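# Here you go, sequence then predicted model.
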Amino acid sequence: MEEVIVRFKDGQAQITTKGFAGKACALATADLEKALGKKTADRPTEEMHKPVTTNAQVKS
Amino acid sequence: MSHVADCNIEVRDLNAFEQAVKALGGELIRGQQTFRWYGRFLNDWQSDRAAVNRRDPATFGKCEHAVKFPGINYEVGLQRNADGSFTPVYDNYGGYGSHDGQKLERIIGVGGAKLKDEYGCAVTMRMMARKGFRVARQVDAKTGEVLAVCRR
């Protein structure tokens, strides 16, 4: 399951994500970051470095 | 006395802003073109937060939409910016009689910080719902943080 939790306090926002692999996280949250304002920090999780599986088939 | 402050919020989604106002117990009155404040600009508040640093005091008390909270006389006005967004503006002066800007500020937070948190939460929930997430607003009882929880 993909999860995005955004915490708001004193006018600041912190986005935490779970269950995304590779760039899927950035894709899911890009619009959000743009809407919420200037990014001040970014800490990638281990999940970002997991291999991404797709349904694409390779023909030889 | 007039302590008119402008909030560091660019409101681009009026429906999300309305949701934020409701979360704080208020009501957005669309089309109300004035908001209640001290009524006269006396230039007696020297602060970075003072709206006069960024806005013409002739616009104080004028707006395109207003926010009212039950039992509070002073109101928040939404003033339109050149880029089409809105900025909330309010007078934080007074803690007596009809001059109750301090009460208003306790609800929306200093500089509208609580309003900004709720607006951010509402924007997040609406945006993530459009991406197919199930969304919920929660409040962390320990920290007071407002959370937008989105899952799919």
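Thanks, I have the structure now.

# The nearest residue to B:Phe60 once chain neighbours are set aside: neighbour count?
Of all residues not flanking B:Phe60 in the chain, B:Val4 sits nearest, at 5.0 Å (CB to CB, 6 or more residues apart in numbering or on different chains). (C-beta placed from N, C-alpha, C; glycine too.) Other residues within reach of B:Val4, judged by other CB atoms under 10 Å in any protein chain shown, total 25.

# ditto for B:Val52
18.

# confidence score at it?
Note on B:Val52: pLDDT of 96.

# and the gap between it and B:Gly112?
Separation of B:Val52 from B:Gly112 (CB to CB, to the nearest Å): 17 Å.

# Could you do B:Pro57 as well?
19 Å.

# I'd like the distance from the residue nearest to B:Arg55 when sequence neighbours are not counted to B:Cys121, if you could.
Distances taken as CB to CB, 6+ apart place B:Asp6 nearest to B:Arg55, at 6.2 Å, with adjacent residues excluded. Applying CB to CB, one obtains 21 Å for the distance of B:Asp6 from B:Cys121.

# who's more crowded, those two?
B:Cys121 (28 against 20).

# show me the contacts for the more buried one.
A:6, A:8, B:20, B:23, B:137, B:146-148 (CB atoms under 8 Å, 6 or more residues apart in numbering or on different chains).

# Same question for B:Leu28.
Per CB under 8 Å, 6+ apart, neighbours of B:Leu28: B:14, B:17-18, B:21-22, B:65-67.

# and it, what are its bridge partners?
Taking DSSP bridges as the rule, B:Leu28 bridges to B:Val67.

# Who is B:Lys151 paired with across the strands?
Small correction: residue B:151 is Arg, not Lys. According to DSSP bridges, beta-bridge pairing links B:Arg151 with A:Glu3, B:Arg134.

# Look up phi and psi at the closest residue to chain A within chain B.
Going by CB to the nearest CB, chain A is nearest to B:Asp117 of chain B, at 3.7 Å. B:Asp117 adopts backbone torsions of phi -60, psi -50, taken as degrees, to the nearest 10.

# Was I right to think it contacts B:Gly144?
No. The pair B:Asp117 and B:Gly144 does not pass the contact test of CB atoms under 8 Å, sitting 9.3 Å apart.

# who touches both of the two?
A:Lys9.

# coming back round to it: could you report the distance from the residue nearest to B:Phe60 to B:Asp44?
11 Å.

# again with B:Arg126
40 Å.

# What sits closest to B:Ile108 if chain neighbours are left out?
B:Leu115 (4.4 Å).

# Same question for A:Met1.
That would be A:Gly19: by CB to CB, 6+ apart, it lies 5.4 Å from A:Met1.

# can you count the residues close to that neighbour?
Under the criterion other CB under 10 Å, the count of neighbours that A:Gly19 has is 15.
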